[in-house]
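Colleague: Sequence and predicted structure are below.
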Amino acid sequence: MPPSLDAPTVRTWCRLALAALGRAREEIDAINVYPVADGDTGTNLYLTVESAAQSVEAVFDAHASADPAARPTLPEAFRAMSHGALIGARGNSGTILAQLLRGMNEPLAHAAGDPDAAALRLALRSAADSAYEAVAHPAEGTMLTVASAAASAAQAADGGLVEVVRAAHTGARAALAATPGQLGVLRAAGVVDAGGLGLVAVLGALSDAVTGDASMRTDTAAGAGTSFRTGEPAEPDGCGEGAAGGGPAYEVIYLLEAPPAAIPPLRARLDALGDSLVVVGGDGLWNVHVHVDDVGAAIEAGIEAGRPYRIRVTHFGEQVRSTAGRHERAVVALVRGDGMAELCSQAGAVVVAVRPGDPPASGEIAAAIRGAHAREVILLPNDSDLRPAAGAAVEQARADGVRVALIPTRSAVQGIAALAVHEPSRRFDEDVVAMTSAAGATRYAELAVAERESWTMAGVCQAGDVLGLIDGDVAVIGPGVVDTAVRVLDRMLAAGGEMVTLVLGATAPAGLAARLESHVRDTHMAVDTVTYEGGQASCPLLIGVE
């Protein structure tokens, strides 16, 4: 099937971009020094794309509810993507990304059939130009520069759609590497532009979606060959524009319903109040972002222009917040299966249910953190795939004044081990260290049924084979659940262990627990076994060895 940019490709692009930003979120946050060194660019981009992806999924679901075989058109999918980004845009970088996506809308919507290379060239140029227009005082060496370079590289590329998307990604990476030479604050810090790094990740996801190379990237967001740090920080040279310390104290963001005629006066008024002004949108709905000292005046300007809502105000300095009515500490656990949810609840955790095929978004996790009403919260994701959303949720909760620690549990059995040593009477840091150590000392495994023939680290598997994954990698291939589980246990216990934890899934065969407990008792002396009815639908068995 030839490469194309259609509605399913947009859906794949959203998913790949969200995964790429999830992996790179922390490193993007770490190099965020412009326009304000507040360490949230990666998180803001992730939340913006998460909102876009949810909007695209919603339009696919709406079509499928009417006809299971139906799917949206490209214009419908892309409008959903850009609208979702607009209403969910966070921070300076997220707002600019929303405008980049909106700028791509018209050229793609008017392309005949599936867009070809020429339509995508126009879309990328339209995106870059519209983003420059949305920023009150555009600066070179930012994600605007990266977007423009991507558009220029696409225009210069020979060939079809594949060559254009690859050229755009390559051009963006080259522009990103050059950003420290264009912006003094980046050069002084020895980093590339954080927003540009995130945009490279998004364009890399577009290239993967169009070409069909949907394998998850494991390199940095910049792609192989591009470093996000440029070396040792340079000596200050007086060019540190936008550096922390002298700018406005607050970030104000709101959605605004207003006619187009009201936007130029709004821009002028907000520009006089502060800096980092970005106003994006159209068709009566706008996303307004500005850094100011006078929050009231910024909101009043929106009221005079139209109807502002979803107003968010963030203080760039230390925030002193009331914690009246809060508990001292809480644990929030993401869990699959009713049995596991009950087990974690009995251990005192606040549970966020992970439904099959419907993982919780960062906003849902952040709401659970805030809903715990605690001064301090420990979050257990219990799944590697949920780490990005959990990490973004932590940043949202921290912005609300909650002290949150994320323990990188990759399986429910590691979460159980962490909960077992949780002690609220300890100091917060000591409790986090103890729980992290317990989780880290627990090797984990799970059983899964192969859906198709494929290559694994243990050899070739056929559809219907039972796979035994140890620490995330396929280690055993067997014909049945019981035999495969026994082989997995033997392999894990060969390295030693004192305690085996078995969590039975909804599809676990009858007698599985008794068979495994007997095997451990007869074959591995002095090893205790504990069994729980987890009820998870995703796999018949989880194994932990401490």
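Modeller: Cool, the structure landed.

Colleague: which residues of this structure score low on pLDDT?
Modeller: The chain contains residues with pLDDT under 70 at 1-2, 111-115, 214-246, 317-327.

Colleague: again, only using 50
Modeller: Applying pLDDT under 50 to the chain picks out residues 215-226, 234-245, 318-325.

Colleague: Residue 15 contacts residue 52, doesn't it?
Modeller: No - between residue 15 and residue 52 there is no contact under C-beta atoms under 8 Å: 10.6 Å. Glycine gets a C-beta too; all of them are placed from N, C-alpha and C.

Colleague: More neighbours: those two, which one.
Modeller: Taking other C-beta atoms under 10 Å, residue 15 and residue 52 do not tie; residue 52 has more neighbours (30 against 18).

Colleague: Which other helices and strands does the helix or strand containing that one contact?
Modeller: If you go by DSSP states H and E, residue 52 is part of helix 41-66. Other helices and strands packing on helix 41-66, by 3 or more C-beta pairs under 8 Å, 6 or more residues apart in numbering; DSSP states H and E, are helix 7-30, helix 74-88, helix 91-109, helix 194-211, helix 362-371, helix 387-399.

Colleague: That one relative to helix 387-399, how many degrees between them?
Modeller: 120 degrees (axes from the mean of the first three to the mean of the last three C-alpha atoms, to 10 degrees).

Colleague: what about the strands in the stretch 251-400 of the chain?
Modeller: Here the stretch 251-400 of the chain has its strands, by DSSP state E, counting those that start in this stretch, at 274-282, 285-292, 307-315, 327-335, 350-353, 374-380.

Colleague: closest one to residue 167 among the ones you listed?
Modeller: Nearest to residue 167, of all the strands of the stretch 251-400 of the chain, is strand 274-282, at 25.9 Å by C-beta to C-beta.

Colleague: Only the buried residues of that closest one, if you could.
Modeller: Using 16 or more other C-beta atoms under 10 Å as the test for burial, strand 274-282 gives 274-281.

Colleague: ok, and what's touching it?
Modeller: Contact partners of strand 274-282, identified using C-beta atoms under 8 Å, 6 or more residues apart in numbering, comprise 35-36, 86, 89, 92, 95-96, 98-99, 102, 131, 134-137, 242, 247-248, 251, 256, 260, 263, 266-267, 270-271, 286-294, 298.

Colleague: redo that, cut-off 7 Å
Modeller: 35, 86, 92, 95-96, 98-99, 102, 134-136, 247-248, 263, 266-267, 270-271, 286-293 (C-beta atoms under 7 Å, 6 or more residues apart in numbering).

Colleague: What of stretch 167-174?
Modeller: Contact partners of stretch 167-174, identified using C-beta under 7 Å, 6+ apart, comprise 124, 146, 149-150, 152-154, 157, 199-200, 203-204, 207, 222-223, 226.

Colleague: Check the offset of that stretch from the chain's centre.
Modeller: Distance of stretch 167-174 from the chain centroid (C-alpha atoms, centre = their mean, to the nearest Å) equals 22 Å.

Colleague: do stretch 158-177 as well
Modeller: With C-alpha atoms, centre = their mean, you get 24 Å for stretch 158-177.

Colleague: for stretch 85-92, same thing?
Modeller: For stretch 85-92, the distance to the chain centre is 14 Å (C-alpha atoms, centre = their mean).

Colleague: do the same with stretch 370-380
Modeller: Using C-alpha atoms, centre = their mean, the offset of stretch 370-380 from its chain centre is 20 Å.

Colleague: buried residues in it?
Modeller: By neighbour count on 16+ other C-beta under 10 Å, the buried set for stretch 370-380 is 370, 372, 374-380.

Colleague: same deal with stretch 351-359?
Modeller: By neighbour count on 16+ other C-beta under 10 Å, the buried set for stretch 351-359 is 351-352, 354.

Colleague: As JSON lines, these with distance to residue 387 would be great.
Modeller: Shown next, in JSON lines, are these (distance: C-beta to C-beta, whole Å):
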{"residue": "351", "distance to residue 387": "18"}
{"residue": "352", "distance to residue 387": "14"}
{"residue": "354", "distance to residue 387": "13"}
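
Colleague: which one of those residues is nearest residue 419?
Modeller: Nearest member of the buried residues of stretch 351-359 to residue 419, counting by C-beta to C-beta, is residue 351, at 11.2 Å.

Colleague: List the beta-bridge partners for that closest one.
Modeller: Counting by DSSP bridges, residue 351 is bridged to residue 333.

Colleague: Buried ones among the contacts of stretch 167-174?
Modeller: 124, 146, 149-150, 152-154, 157, 199-200, 203-204, 207, 222-223, 226.

Colleague: returning to what we had before: nearest to residue 465, of the helices and strands packed on helix 41-66?
Modeller: So among these, helix 7-30 is nearest, using C-beta to C-beta, at 26.6 Å.

Colleague: In the stretch 351-500 of the chain, what residue spans correspond to helices?
Modeller: 362-371, 387-399, 412-420, 428-440, 481-493 (DSSP state H, counting those that start in this stretch).

Colleague: gap between the last one and the chain center?
Modeller: Distance, stretch centre to chain centre, for helix 481-493: 34 Å (C-alpha atoms, centre = their mean).

Colleague: Restrict it to CA atoms and write it as PDB.
Modeller: What follows is helix 481-493, C-alpha atoms only, in PDB (Å, rounded to 0.1, in the frame of the first residue of the first chain):
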ATOM      1  CA  VAL A 481       0.100 -21.300  30.400                       C
ATOM      2  CA  VAL A 482       1.200 -23.800  33.100                       C
ATOM      3  CA  ASP A 483       4.300 -25.200  31.400                       C
ATOM      4  CA  THR A 484       5.400 -21.700  30.400                       C
ATOM      5  CA  ALA A 485       4.800 -20.300  33.900                       C
ATOM      6  CA  VAL A 486       6.900 -23.100  35.400                       C
ATOM      7  CA  ARG A 487       9.800 -22.400  33.000                       C
ATOM      8  CA  VAL A 488       9.600 -18.700  33.700                       C
ATOM      9  CA  LEU A 489       9.700 -19.300  37.500                       C
ATOM     10  CA  ASP A 490      12.700 -21.600  37.200                       C
ATOM     11  CA  ARG A 491      14.600 -19.100  35.200                       C
ATOM     12  CA  MET A 492      13.800 -16.200  37.600                       C
ATOM     13  CA  LEU A 493      14.600 -18.200  40.700                       C
END
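
Colleague: Buried residues, that helix. List them.
Modeller: For helix 481-493, by 16+ other C-beta under 10 Å, it's 481-482, 484-489, 492-493.

Colleague: Also the first one?
Modeller: Burial within helix 362-371, assessed by neighbour count using 16+ other C-beta under 10 Å, is assigned to 362-363, 365-370.

Colleague: out of those, who's nearest residue 307?
Modeller: Nearest to residue 307 among the buried residues of helix 362-371, with distances taken as C-beta to C-beta, is residue 363, at 22.7 Å.

Colleague: Quick check: the gap between the closest one and residue 173.
Modeller: Applying C-beta to C-beta, to the nearest Å, the value for residue 363 to residue 173 is 31 Å.

Colleague: Also residue 191?
Modeller: Distance from residue 191 to residue 173, by C-beta to C-beta: 15 Å.

Colleague: now swap in residue 256 and tell me
Modeller: Taking C-beta to C-beta, one finds residue 256 at 35 Å from residue 173.

Colleague: and if you look at residue 141?
Modeller: 15 Å.

Colleague: Residue 137 now?
Modeller: 26 Å.

Colleague: and if you look at residue 388?
Modeller: On the measure of C-beta to C-beta, residue 388 and residue 173 end up 22 Å apart.

Colleague: Repeat that for residue 121.
Modeller: 18 Å.

Colleague: Among the buried residues of helix 362-371, which one sits closest to residue 340?
Modeller: Nearest to residue 340 among the buried residues of helix 362-371, with distances taken as C-beta to C-beta, is residue 368, at 15.7 Å.
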